[in-house]
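A.B. asks: I'd like to go over a predicted model; first the sequence, then the structure.
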Amino acid sequence: MVVSRRVARFNKVATNRVLGQFTPFLPGFGTVVHNGRRSGRVYHTPVNIFRASDGYVIALPYGPESDWVRNVLAADGCEVVTRGRTVKLTKPRLVHEAKCAELPTPVRQILELAGVADFLHLEPAQPSR
């Protein structure tokens with residue numbers, strides 16, 4: 001059971017505007033900075049993000065059809081501000097897993113209860129030489 005689109009719209013208008021001020025600094029949270037596919041406008045989207053063995057994992061409680069996910073996939077990456085640092089990420093790939101083993105156990109259990117099984121994996125961009 002993915003969180004409903006109605007809740008997603010409410011969060012986009014209300015919750016994200018308040019929470020978005022804190023997500024760049026809170027553990028387990030971050031802000032994805034991405035460009036709109038058609039508008040080119042810069043967007044800031046609060047997310048649950050966690051370190052993984054090969055980069056980062058973002059939980060997708062609204063599913064992979066969210067605009068920001070499609071923007072990141074189309075651009076082949078994004079920037080994420082997490083714990084006060086900006087990280088350029090690339091090679092996004094959608095993963096559908098009932099259990100994402102790379103997430104901390106309490107987070108994994110909460111996401112399982114909520115029926116979240118979609119995740120976005122990203123790798124840090126290699127520094128240019």
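C.D. replies: Okay, I see it.
A.B. asks: I figured residue 66 hits residue 60, correct?
C.D. replies: Yes - counting by CB atoms under 8 Å, residue 60 is a contact partner of residue 66 at 6.9 Å. Any C-beta I mention is one placed from the backbone N, CA and C, and that applies to glycine too.
A.B. asks: strands of this protein, start to end?
C.D. replies: Assigned by DSSP state E, the chain shows strands spanning 29-35, 42-52, 55-59, 77-82, 85-96, 118-124.
A.B. asks: let me see the mean pLDDT of the fourth one.
C.D. replies: Strand 77-82 carries an average pLDDT of 96.
A.B. asks: how far does that strand sit from its chain's centre?
C.D. replies: 9 Å (CA atoms, centre = their mean, to the nearest Å).
A.B. asks: what is the orientation angle of that strand with strand 118-124?
C.D. replies: For strand 77-82 against strand 118-124, the angle by axes from the mean of the first three to the mean of the last three CA atoms, to 10 degrees is 90 degrees.
A.B. asks: contact partners of strand 77-82?
C.D. replies: Among residues not part of strand 77-82, those counted as contacts by CB atoms under 8 Å, 6 or more residues apart in numbering are 23-24, 29-34, 47, 49, 56, 71-72, 86-92, 122, 125.
A.B. asks: looks like residue 52 contacts residue 101 (just checking).
C.D. replies: No - using CB under 8 Å, residue 52 is not in contact with residue 101, being 9.4 Å away.
A.B. asks: re earlier: looking at residue 66 and residue 60, which is more packed in?
C.D. replies: Ranked by neighbour count (other CB atoms under 10 Å), residue 66 and residue 60 place residue 60 first, with 24 against 20.
A.B. asks: need the contact list for that one.
C.D. replies: Contacts of residue 60 (CB under 8 Å, 6+ apart): 66, 69, 94, 116, 118, 119, 120.
A.B. asks: beta partners for the fifth one?
C.D. replies: If I follow you right, that is residue 118. For residue 118, the beta-bridge partners under DSSP bridges are residue 96.
A.B. asks: quick check: it touching residue 94?
C.D. replies: Yes - counting by CB under 8 Å, residue 94 is a contact partner of residue 118 at 6.6 Å.
A.B. asks: find residues that contact each of those two.
C.D. replies: 60, 64.
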